[in-house]
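K.L.:
Sequence isn't available, so here's the structure alone:
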C-alpha cells in the first residue's frame with residue numbers, strides 16, 4: 001500500500017510539473033507575441049502585409065473572418081504602409097483554394113496583380129511564416145489575422161528571423177470565436193515545439209523574392 005501511495009505522489013508531482021510547464025510555454029508565446037501588436041495607424045512601413053488564410057466556400061467566396069483580414073490588409077496598403085501582399089493559405093487540393101480566392105478579392109478592389117504574391121503551401125501558421133522568410137525572402141512584414149491568433153503568429157515570426165508586427169482584423173464578432181481561443185492553448189504549445197526543432201514546412205522550393213513581381217506566383221487567370 002505504501003508503495004502505491006509513493007507512486008501516486010510521484011505521478012501527481014509529474015502531472016503538476018507538466019501543467020506548470022504548459023502554462024509557462026503559453027504565457028511566453030502569448031505575451032511576447034502580443035507585445036508586437038499595433039494599431040493600424042501606428043504600424044511601421046514594411047515590405048509586405050502577410051495575410052494568413054482562412055476558410056473559403058466551394059464557389060470561392062471568402063469567409064467573414066478571411067474577408068476581415070483582407071479588408072484590414074487593404075487598408076494598410078491604401079495607407080502606404082506596404083506595397084506588396086503575401087497571401088498565404090491552403091491550396092493543397094484542386095477543390096479547395098484559399099489563395100486564389102484572396103487574390104481575386106483584392107484584384108476586385110483594384111490592387112494590381114503584380115503586387116499580389118501567393119503562397120499556395122501555407123498549410124498552417126508555422127509553414128506560412130517559415131516560407132515568408134525562406135521562399136519569399138521577406139525581411140519585415142505586417143501580419144494580419146484575428147487578435148486571438150496574432151500573438152502566436154508573431155512569436156513564430158520573430159523566432160524565424162522576421163522583423164514582424166501585427167494588426168488585428170477583428171471587424172466583427174465571429175461564430176465559434178471562443179472555441180478558436182481555447183484551441184490556441186494547444187496551438188501555442190505546438191508552435192513552441194516546432195520552433196524548438198526548427199521543423200521544415202511540408203513544401204519548400206526555389207526562392208521567389210517579395211521584391212519582385214507577384215505574377216510569378218499566379219497559377220490561374
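P.N.:
Done, it's in. Bear in mind that the values here come from a model prediction, so they are computed numbers and not experimental data.

K.L.:
Spatially, what comes nearest to the residue most central in space within the chain if we skip its sequence neighbours?
P.N.:
Central residue of the chain (CA atoms, centre = their mean): residue 125, 4.1 Å from the mean position. Take residue 125 and drop its neighbours on the chain: the residue closest to it by CB to CB, 6 or more residues apart in numbering is residue 153, 5.3 Å away. C-beta here means a position set from N, CA and C on the backbone, and glycine is covered the same way.

K.L.:
Against residue 162, how distant is the one you found?
P.N.:
10 Å (CB to CB, to the nearest Å).

K.L.:
shared neighbours of these two, which are they?
P.N.:
When contacts are counted by CB atoms under 8 Å, 6 or more residues apart in numbering, residue 153 and residue 162 have residue 129 as shared neighbours.

K.L.:
you'd agree the residue nearest to residue 125 is up against residue 166?
P.N.:
Yes: contact criterion CB atoms under 8 Å: residue 153 and residue 166 qualify, at 6.7 Å.

K.L.:
Any chance you could list residues touching both of those two?
P.N.:
Between them, residue 153 and residue 166 share these contacting residues under CB under 8 Å, 6+ apart: 33, 143, 145.

K.L.:
Just the helices from this protein, written as ranges.
P.N.:
Using DSSP state H, the helices of the chain run over 2-34, 64-78, 98-108, 125-134, 150-159, 177-197.

K.L.:
Give the buried residues for the third one.
P.N.:
Think helix 98-108. Residues of helix 98-108 classed as buried by neighbour count (16 or more other CB atoms under 10 Å): 98, 99, 100, 101, 102, 103, 104, 105, 106.

K.L.:
The fifth one too?
P.N.:
Across helix 150-159, burial judged by 16+ other CB under 10 Å covers 150, 151, 152, 153, 154, 155, 156, 157, 158, 159.

K.L.:
who touches the first one in this structure?
P.N.:
If you count contacts by CB under 8 Å, 6+ apart, residue 150 has them with 33, 34, 37, 143, 166, 168.

K.L.:
can you rerun that using 6 Å?
P.N.:
37, 166, 168 (CB atoms under 6 Å, 6 or more residues apart in numbering).

K.L.:
Relative to residue 137, how far out is it?
P.N.:
For residue 150 relative to residue 137 (CB to CB), the value is 23 Å.

K.L.:
I'm done for today, thanks for sticking with me.
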